[in-house]
Structure formats: structure tokens, C-alpha cells
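> fold the following, please.
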Amino acid sequence: NTMKRVLPLVLVTIVIVCPVSAQERRSTEADRATTIAFARVGVVDVEGGRVLTDQTVIVREGRIAALGSSQEVPVPAGASVVDGKGHFLVPGFADMHVHLYTEGDVMTYVANGVTTVRNMAGDSTHLEFRRRVSAGDMIGPRILTAGPVIETGSLSHPDNVLLTDHASARREVERQRAAGYDFIKVYNQMSPEVYASVIAAAKEFNMSVVGHVPFEVGLRGALAARQNSIEHLRGYLQELVPPAAPVQPRASLRNLSVAWNYADDSRSSALVALTVAAGTWNSPTLVFSVHEMSPASEHARLLARSETKLLSLRGLPDRSKKEGYLGDFTEADFAATQRGLEAQFRLLRALDKAGAGLLVGTDSWLSGFAYADELELLVKAGLTPARVLRMATVDAARFLGEADQWGTIAVGRRADLVLLDANPLRDIANARRIRAVVSNGRLLRRADLDTLLGIARSKAR
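Predicted coordinates for the structure are as follows:
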């Protein structure tokens, strides 16, 4: 029993810290193929919003091999057994808006129960992260990644790609497809003509188009084109804020944040109906506003959180320098941004009531740890814990066209699993109380996850 308990910790250290030799890789693969049994556990049925009590779940070769009453499902000899009595098993979470900077950042997602991520701006580094995680050479979530973000006019970031016409749009989409990227991300600056070319090329090469709503295209144009997902509720604001409002939702992040205070809810019903008709999903990333644009006192509390010591913080602007995308914010603007969240909450409730697709995404420098913050904000917005759990699991799988592969706990599904100490259907904050994770066929108990976080900390700086 001692050896069974110590082995996963040793493997975590070997796999992540050292170059992987052939012998070590064989050991890792053997560990991933081990049969795992969650005995006497409460299984959370995320689609039904209920708990199936006293269940045994058998995992073999990364898939759920058996599931049923503990009186009827035997535990196989030699299985790694997790006593689930008093605990709750949920599908692994999906963070559908992340930016991965370092290996350490990648690791923190699994330690927070996130077993799938959608990386929203990528390069060859992210393709390598994806390869290593898939091969078992690095512990991390399954990674889906965009390539470089595409724009027209001028570049907002040096890593983005500038398109000029139909030919360049088609060429870039084809290039990203050939390189192995999973989807195309569009940004703020893009002409309607090039946007249409990107949409057409993406259909030709079977890639989805996600991201911001380009200013010149507008929400109605993006919905008419059936853009697959919209991030940060972009585009809605330009439709909701009257022309006479003192702050208009123009290009600066300051305006796009503060202008939510002037949103006119009477304008939202038509937009919600168009969203549902288009089949376009939204990833609201509420926590982005809370983490990035909080007043000074709250920002200081965030920086004091113990989790910040585990992260690279490369995505966090230095407010003292008054530069970058937060450079023109005042303290009054930060406070106004927080008040404006109420308008986003109202829009979210309207989208949810109408049956629009919603995803959980963070876009936060607090990699992994921000996920539970986002879940709690979604409940604060007025969604039920059961609804938020669906968004975090099976709805993400549905968005990707993979609901028959993961997102629920059922025989044959991929065994992306999180064991919690308390019922998240009663209190979504219980999603923080992680006892164990199964990711990529590997069982990580609480001590293993703590070891993983220690390694992440060593790689953070």
C-alpha cells in the first residue's frame, strides 16, 4: 500500500522535472494504464442536476469502464482504489478561455480540476505543450489552441498576424490548419471583407472561428456569419449603449469596461434572439474584470493570495507604470468597471433563459486558480450551481462536438474526473475542495496535486 501511494508522487516528479527517457516513458504509460476504482462515491449527474449515491466507478486505460451501485460493481483486483465515501465525483472542468505562458501555468490547471483548456492565442510552444501532455511527458490538461490571432489594419500585438485581403486570409487559415492549430481567433481590428474571407476559409478547412467581435463587423455581422463563440460578451455592448451615453464602447479597454454602466436592457431581447438563432456561444469571462480591473485595495488582496506565488504572472500588467491596456484607467474607472458587472449579469441571465450556449472561461493571470472564482461569479450573476456545472463540463463538450466523448460520467467516456470533498450542487464554492483528479489516464491524489503545485512554483519565475 505504501508503494502504491508513493509511486504517483515519484512519477509526477520524474515526468515533469527531468527529460523523459525511454524507460521513464514506459513507466509513465504503465501508470496511465492502471485500473482506478472510485468506491462508494457520490456521482454528480451534471445533466440531471442530481447525485447518484453509493456508486463505484471503474477507470481503465483512460476511459470509464464500469459504473453502478457499489453492491453491483466489483472492484477489480490490483486496482488503485480511492475511497469515495462522503465525497462527490464530477466530470473534469473545461476552461474555455486561457492564455498559457509557462509549463508551470499548464500544471496549475490540473491541480484545480481543469482537465481541458482552450488556449486563445498560440504558437509552436503551445503545440509542443499539447504534444507533451498528450504523450504523457508533461502533466497538464488537454490543450486545444488557436494559432496567432489575426487582424487587419495594424497589429495590436507583435505576435498577431496581419491580413490584407481575401487571398491572405485564406492562406493564413490554411497555414494554421496545416500547422495543427485547432481553431481561428479573430480580434478587434478586422475589415468586414477580410472577416468574411476568414469565415469562408474556416468553413473550407473545417475550423471554427472564435474570439472578439471586430468593431467594423459588429455583433449583428458576427451572428449573421455564425461566429462559433464570442469572448467577454464583446459586441453586445456596442448595441446596448445608447449614442447619447457619456462613455461610448470604443476601442480602449477603459471605454469597453466603463460603458457597461450605460447599457440599456430594453435593447437586449432582440440580440438574445439573434444569438440563439445563430447558434453562437458566449464565454463571458467575468473574472477577467474582477481580477484585472479591480480597485487598488481589492487588487492588493488578489496579489496577496498565496496562489500568486505559484504563477509566472506574465499576463499581469504593472499598474505602477501606467502603460499597456490598463494605462488610461483611473481608480474611479476601476470602481465603475465593477459596478458595470451588474449589466453583464443581466445579459447573462437573459441569454441563459433563452437557451443560448454559455461556456466557462477565465482569461485570468491567476492561471487555474481563477476557475473557481469564475464559477462563483456565474452563480452570483443568477445562474444555479447545476447550470454552472453543466457549462463547466458537458456544455463545453457539446460546443466542441464531443459530448459523446467527455463531459459526463458514463461508461465509455474519457475519464476526466474530479473528486470533491463536498457537493457542488449545494454550493459551487465546493468546486475548490479537490480531493483527487484523473487526467489523461493518470490518478493524482491530493498529495500528488500539492507536489505538482510545488513543481509549478519552481517554474514560475
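> now the strands for the stretch 301-450 of the chain?
Taking DSSP state E, counting those that start in this stretch as the test, the strands found in the stretch 301-450 of the chain are 417-420, 434-439, 442-445.
> got the contact list for the second one?
Which is strand 434-439. 36, 59, 82, 87, 92, 110-113, 115, 139-142, 415-421, 443-446, 449 (C-beta atoms under 8 Å, 6 or more residues apart in numbering). For every residue, glycine as well, the C-beta is placed using N, CA and C.
> from those residues, which would you call buried?
Neighbour-count burial (16 or more other C-beta atoms under 10 Å) applied to the contacts of strand 434-439 gives 36, 59, 82, 87, 92, 110-113, 115, 139-142, 415-420, 443-445, 449.
> follow-up on the earlier one: restricted to helices, list the contacts of strand 434-439.
110-111, 446, 449 (DSSP state H).
> hmm, which two among these are most spread apart?
Greatest spatial distance among these (C-beta to C-beta): 110 and 446, at 12.7 Å.
> so residue 169 belongs to a helix, correct?
Yes: per DSSP: H, G, I helix; E, B strand; the rest coil, residue 169 lies within a helix segment.
> pretty sure it contacts residue 190?
No: Residue 169 lies out of contact with residue 190 (C-beta atoms under 8 Å); the separation is 9.4 Å.
> what sits in contact with each of those two?
Joint contacts of residue 169 and residue 190 (C-beta under 8 Å, 6+ apart) are 150, 163, 198.
> roughly how far apart are the first one and residue 163?
Right, the one you point to is residue 150. Here the criterion is C-beta to C-beta, to the nearest Å. By it, residue 150 lies 6 Å from residue 163.
> overlap in contacts, these two.
169, 172, 190, 198.
> of these, closest to residue 70?
Scanning the shared contacts of residue 150 and residue 163 for proximity to residue 70, where the rule is C-beta to C-beta, the winner is residue 198, at 52.0 Å.
> for the closest one, what are its contacts?
Residue 198 touches 150, 163, 169, 173, 184, 186, 190, 209, counting by C-beta under 8 Å, 6+ apart.
> what does residue 390 give?
Contacts of residue 390 by C-beta under 8 Å, 6+ apart are 46-47.
> touching the helix or strand residue 130 falls within from outside, list them.
Under the criterion of DSSP states H and E, residue 130 resides in helix 124-135. Helix 124-135 has contacts (C-beta under 8 Å, 6+ apart) with 25, 100, 103, 106, 119, 138-145, 179-181, 440.
> OK, contacts around the closest residue in space to residue 382 that isn't next to it in sequence?
Nearest non-adjacent residue to residue 382, counting by C-beta to C-beta, 6 or more residues apart in numbering: residue 349, 4.7 Å away. Neighbouring residues of residue 349 by C-beta under 8 Å, 6+ apart: 381-383.
> returning to that earlier point: and the ones in helices among the contacts of strand 434-439, which is closest to residue 407?
residue 110 (16.8 Å).
> touching, that closest one and residue 451? I think so.
No: the pair residue 110 / residue 451 is not scored as a contact, 11.8 Å apart, by C-beta under 8 Å.
> break this structure down into its domains, please.
Split into domains by automatic domain parsing, the chain comes to 2-91+407-459, 93-399.
> any idea how far the shortest one is from the chain center?
The one in question is domain 2-91+407-459. 20 Å (C-alpha atoms, centre = their mean, to the nearest Å).
> go on, the longest one?
Once both centres are worked out by C-alpha atoms, centre = their mean, domain 93-399 turns out to sit 10 Å from its chain's centre.
> how long is it end to end?
14 Å (C-alpha to C-alpha, to the nearest Å).
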